[in-house]
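Asker: Dropping the sequence and predicted coords here.
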Amino acid sequence: MTISSVNYGTSLLGLSVRNISKQLADLSTQLSSGTKANNYAGMGPDEGFAVAARAQLSNISAFTLTMTHVNTVIGAVNTSLQSLSKINDQVQNGASATPQNLTSTGQTTGQLTASSNLSAIVGILNTQVGDRFIFSGSATDRPAIVPADEILNGTATQAGLKQVIAERRQADLGLNGLGRLNLSASATVPITLAEDVAGSPFGFKLSSVTSSLTNATVTGPSGSPAGISVDLTAGNPNAGDQIGFTFKLPDGTSESIQLTASTTTPAPANTFAIGATPAATSANLNAALNTAITTLANTSLVAASAVTAGDNFFNTASAVSGTVVNNKAATPAPITGATLLSGGSPSNSIATNFASGDTLTVNGQTLTFVGAGANGNNQINITDNVQTLLSKIDTLSGTSKASTVSGGAITLRTDDAASFSVTSSNAGALAALGFSGTVTASTPPLRVSGTPLGSATSLVNGSTNTVSWYTGNNGPGTARSTATIRIDTSQSIQFGAQGNEVAIRNLVQQTAVYAAVNTPPAGANAGQQIGALSQRIASNLTSQLGQQTISDIQTDFANAQTTMKDATARQTQAKAAMQSLVDQTEGISQQEVASQILQLQTNLQASYQTTAMLAQLTLVKYL
């Protein structure tokens, strides 16, 4: 008799064998895949941490890729800036070289080199990295600046720099070639020298006069327009006596003329002959002054005019001049910086007083007039003077060039004409300063307004008929802020660049102006004129305290790279920690799994042997 087969599958021994087989299969899968399981359920209770760690690893990978791309852009920017710095040195060295000899082209070697350098600058500023124009700010899809030929020569419908310089030259020289000064006729006594119109941005401005002339009465500059008087009716001066005149030029520089009384015949340069009578001496002084001013106008003034025209063409800065206004003195006179903002009559105060509680709004910021004890930049005493008010306005507007008052006319300056606005709650007091309504400045590029140009008195917005040299982004905010990326969960960097940043724009401007001016080599004052221009270009390319330099821009990008380097170091450590957590949670130890497999194989073999023995069991064998 035999025993019927036993259902080992449902027995404890059978279940044990199947469990061992399953464990062996799982361990074999782990050994081949390197992970604990092929689904999250099999990873264990710590898998939630591993999922979070994987998310962080993914973010780190994305940040790493982003920083790699940005470092490529910054590398290209730094290479470009280094090239611009070298060009700056080349142009400056060319302008500083002596002597400044004109070639047959009407330009010096330095100017001819500057023309080539301008083309190089355009190429550098229009550099692309991939499809990104790196000096166009946020407008990465278009070049930063127009071609060099277009900058200099313009287009069929828009004037270039050369035309703007030519027009400004006519306006600065004036119809009589004396730099917008009117000199009395040679037979007139006393001699008078005066600006042609008050508040004009063109030509010479009388700054001061000094005299050691015996018997002479010298007055001024005074009046509106400002004038100087030299009266020799009391008698002749002595040989060696001198008179000097100092003039302000449109570019902010000053030049002087000094004439010495002489008995030498003919009178040497920079002297005037003492005549037989005071009237004759006065005529000689008048003639010498006419010659000296004409020479200065055709040398330093022409050079300053070109530099200023370059500023009108390239710079976003602008200015607005008020009308000539008088104080309420017993004999009204043009206001000055010392004129008070309020006062009784008669006094050196503006015609209509500011009162406590009045306001002046500059670019949206309010300046309040108080009776006394003004505090900070947003308050001013009604007992303060015009110069104090101009300083407050300049602080609020942020201009880099101070506003001024000359000949009774105030000139307000701004670095950004597009955003400049001044209003007042006291319209009468504002009118007493020479302004009305909302005061705004003409938006650059600026062109001379009026015909003939030699008698023009103002500059106007020339954006519709003048080349716009910069074509990249020109919105609000800093150049760096035009490109911002996140390099960590809580950290971002800015890496934007614009071709119209102060340091870059100055290089483009000075190089273009130097390349644009052409002087007939045979001209009487050609050498002095180019010398005066070269001196100004060299000076303007020299780093100025408080003004952005190309090195400053490079420093910004170096800081961005350092920030990314630090972030990369932190992320490398974090990546190692996160990967370790994932490995510990999801990974296996091959040695441990292999050991477990060997143990299970031994157990399974023993189980199979036991099962086989039981499968052959009969009642006879059992008994």
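Answerer: Done, it's in.

Asker: Help me confirm that M578 comes into contact with L57.
Answerer: Yes. Using CB atoms under 8 Å, M578 is in contact with L57, at 5.1 Å. Just so you know, the C-beta spots here come from the backbone N, C-alpha and C atoms, and that holds for glycine as well.

Asker: Who has more neighbours out of these two?
Answerer: M578 (22 against 17; other CB atoms under 10 Å).

Asker: hang on, that one in a helix?
Answerer: Yes. Using DSSP: H, G, I helix; E, B strand; the rest coil, the assignment for M578 is a helix.

Asker: Quick check: next helix or strand after the helix or strand hosting N348?
Answerer: Assessed by DSSP states H and E, N348 sits inside strand 347-350. Under the assignment DSSP H and E, the closest C-terminal helix or strand after strand 347-350 is strand 359-362.

Asker: in the helix or strand just after that next one, what counts as buried?
Answerer: Beyond strand 359-362 in the direction of the C-terminus, DSSP H and E gives the next helix or strand as strand 365-370. For strand 365-370, the neighbour count (16 or more other CB atoms under 10 Å) marks L367, F369, V370 as buried.

Asker: which residues touch strand 365-370?
Answerer: 341, 354-361, 377-382, 392-393, 396 (CB atoms under 8 Å, 6 or more residues apart in numbering).

Asker: Now it: average pLDDT?
Answerer: Taken as a whole, strand 365-370 has a mean pLDDT of 96.

Asker: thought A351 was touching T323?
Answerer: No. Under the criterion of CB under 8 Å, A351 makes no contact with T323, lying 12.0 Å away.

Asker: Between the two, tell me which one has more neighbours.
Answerer: Legend: neighbour count by other CB under 10 Å for A351 and T323, higher for A351 (17 against 14).

Asker: State the distance from the nearest residue to that one once chain neighbours are set aside to S424.
Answerer: The shortest distance from A351 to any non-neighbouring residue, by CB to CB, 6 or more residues apart in numbering, is to A432 (4.3 Å). Distance, A432 to S424, using CB to CB, to the nearest Å: 10 Å.

Asker: in the stretch 101-250 of the chain, which spans are strands?
Answerer: 128-129, 132-133, 181-183, 191-195, 205-211, 217-222, 227-231, 242-248 (DSSP state E, counting those that start in this stretch).

Asker: which of these is buried the deepest?
Answerer: Most buried of the strands of the stretch 101-250 of the chain, by mean neighbour count (mean count of other CB atoms under 10 Å): strand 191-195, with a mean of 23.

Asker: Let me see the residues that make contact with it.
Answerer: Against strand 191-195 from outside (CB under 8 Å, 6+ apart): 180-184, 203-206, 223, 225-232, 245, 282, 285-286, 289, 407.

Asker: try 7 Å this time
Answerer: Residues outside strand 191-195 that contact it (CB atoms under 7 Å, 6 or more residues apart in numbering): 180-184, 205-206, 225-230, 282, 285-286, 407.

Asker: so where's the protein shaky on pLDDT?
Answerer: Residue ranges of the chain with pLDDT under 70: 1-54, 579-601, 603-623.

Asker: V508 versus the spatially most central residue of the chain, what's the distance?
Answerer: The centroid of the chain falls nearest to V502 when counting by CA atoms, centre = their mean (2.9 Å). Applying CB to CB, the value for V502 to V508 is 11 Å.

Asker: Repeat that for G477.
Answerer: Taking CB to CB, one finds G477 at 21 Å from V508.

Asker: higher neighbour count, these two?
Answerer: Just comparing G477 and V508: by other CB under 10 Å the higher neighbour count belongs to V508, 24 against 12.

Asker: List the residues that contact the more buried one.
Answerer: V508 neighbours (CB under 7 Å, 6+ apart): I121, F314.

Asker: Am I right that it sits in a strand?
Answerer: No. Counting by three-state DSSP, V508 is not found in a strand; it is helix.

Asker: okay, now N381: neighbour count?
Answerer: N381: 18 neighbours (other CB under 10 Å).

Asker: and what of S455?
Answerer: Residues lying near S455 (other CB under 10 Å) number 16.

Asker: same check, this time on D172
Answerer: By other CB under 10 Å, neighbour count at D172 equals 28.

Asker: can you list contacts of the longest strand seen in the chain?
Answerer: In the chain, taking DSSP state E as the definition, the longest strand is strand 254-262. Applying CB under 7 Å, 6+ apart, the contact partners of strand 254-262 are 207, 213, 237-249, 268, 270-274, 285, 288-289, 292-293, 296, 300.

Asker: Give me the subset of the residues you listed that lies in helices.
Answerer: L285, A288, L289, A292, I293, L296 (DSSP state H).

Asker: Specify the beta-bridge partners of the closest residue to the fourth one other than its chain neighbours.
Answerer: Yep, that's A292 we're talking about. Setting aside the residues directly before and after it, A292 is nearest to I257 in space (CB to CB, 6+ apart), at 4.5 Å. According to DSSP bridges, the partner residues bridging I257 are F245.

Asker: quick one: I257 and A526, what's the gap?
Answerer: From I257 to A526 the distance is 20 Å (CB to CB).

Asker: now swap in S347 and tell me
Answerer: In terms of CB to CB, S347 sits 52 Å off from A526.

Asker: So between the two, which is more surrounded?
Answerer: A526 (17 against 14).

Asker: got a list of what the more buried one touches?
Answerer: When contacts are counted by CB under 7 Å, 6+ apart, A526 is found next to L102, T519, P520.

Asker: Assign a three-state SS to the second one, would you?
Answerer: Yep, that's T519 we're talking about. coil.

Asker: who's in contact with it?
Answerer: Taking CB under 7 Å, 6+ apart, we find T519 in contact with L102, G106, A526, Q529, I530.

Asker: Identify the residues contacting the closest residue to V386 other than its chain neighbours.
Answerer: In this structure, V386 finds its nearest non-sequential neighbour in T339, 4.8 Å apart by CB to CB, 6+ apart. For T339, the contact set (CB under 7 Å, 6+ apart) comprises N327, N348, S349, I350, N385, V386.

Asker: Could you tell me which helix of the protein is the longest one?
Answerer: In the chain, with assignment by DSSP H, the single longest helix is helix 47-96.

Asker: Which of the helices or strands spans V307?
Answerer: Going by DSSP H and E, V307 is in helix 302-314.

Asker: Run the angle between that helix and strand 242-248 for me.
Answerer: 10 degrees (axes from the mean of the first three to the mean of the last three CA atoms, to 10 degrees).

Asker: Identify the residues contacting the helix or strand following helix 302-314?
Answerer: Once the chain leaves helix 302-314, the next helix or strand it forms, by DSSP H and E, is strand 318-321. With contacts defined as CB under 7 Å, 6+ apart, strand 318-321 is touched by 199, 201, 409, 411-414, 417, 439-444, 446.

Asker: taking those residues one by one, which sit in strands?
Answerer: Using DSSP E, these in strands are A409, T411, L412, R413, T414, L446.

Asker: could I get those residues as a markdown table with distance to S305 and neighbour count?
Answerer: Output for those, formatted as a markdown table (distance: CB to CB, whole Å; neighbours: other CB atoms under 10 Å):
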| residue | distance to S305 | neighbour count |
| --- | --- | --- |
| A409 | 20 | 22 |
| T411 | 18 | 18 |
| L412 | 22 | 27 |
| R413 | 18 | 22 |
| T414 | 22 | 27 |
| L446 | 13 | 28 |
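
Asker: Dump those into a markdown table; add distance to Q92 as well.
Answerer: As requested, the ones in strands among the contacts of strand 318-321 are exported to a markdown table (distance: CB to CB, whole Å):
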| residue | distance to Q92 |
| --- | --- |
| A409 | 36 |
| T411 | 30 |
| L412 | 32 |
| R413 | 26 |
| T414 | 28 |
| L446 | 26 |
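
Asker: of all the residues you listed, which comes closest to S492?
Answerer: T414 (31.0 Å; CB to CB).

Asker: now that closest one, which residues is it bridged with?
Answerer: T414 forms beta bridges with S318, as assigned by DSSP bridges.

Asker: which residues touch it?
Answerer: So, once contact is read as CB under 7 Å, 6+ apart, T414 ends up touching A317, S318, S397, T399, F420, A441.
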